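Q: I'd like to go over a predicted model; first the sequence, then the structure.
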Amino acid sequence: MVTEAISQHEAFYGRPPTHVFVQGGVGALAGAVASTLWDYYGVQRPICCVVEPDKAACMMKTVRQGSPAVVTGDLDTLMAGLALGEVSLIAWDILEKAADHFMAITDQSAVECMRLSS
């Protein structure tokens, strides 16, 4: 999936992407994307930003804590498939090295972004 997206982007724009934003969740998809970008581009890879819901920001908490963290409490979010609260240890082994940035967004921000793409 990632290599197909890369080739379509390069065919359309004639150059590699500069940034890639990918959903957080437990980190499995983000880890696959980040590692594929690293394998494909090496040190010239695009900036990889992992985005997660602010109510389930386990990766942000992990970065701040310096070790895998769990988010508890109300994980209710419009981004229901990402409301997991605990980072995968396997994914984290990849993401702590291959992801450049982590960010958490509100449900309102997610809705506004969806409107931009339609």
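A: Received it, and whenever you're ready, just let me know what you need.
Q: which SS class is the residue nearest the centre of the chain?
A: Closest residue to the average C-alpha location of the chain: Val50 at 2.4 Å, with Cα atoms, centre = their mean. Classification of Val50 using DSSP: H, G, I helix; E, B strand; the rest coil returns strand.
Q: For it, list the residues it contacts.
A: Contacts for Val50 (Cβ atoms under 8 Å, 6 or more residues apart in numbering) come out as 22-24, 27, 30, 34, 59, 95, 99, 101-103. In short, each C-beta sits where N, CA and C put it, glycine included.
Q: ok, now with 10 Å
A: When contacts are counted by Cβ atoms under 10 Å, 6 or more residues apart in numbering, Val50 touches 20-25, 27, 29-31, 33-34, 59-60, 63, 91, 95, 98-104.
Q: quick one: the helix ranked longest in the chain to chain centroid distance?
A: Taking DSSP state H as the criterion, the chain has its longest helix at helix 28-41. Centroid separation for helix 28-41 versus its chain: 10 Å, with Cα atoms, centre = their mean, to the nearest Å.
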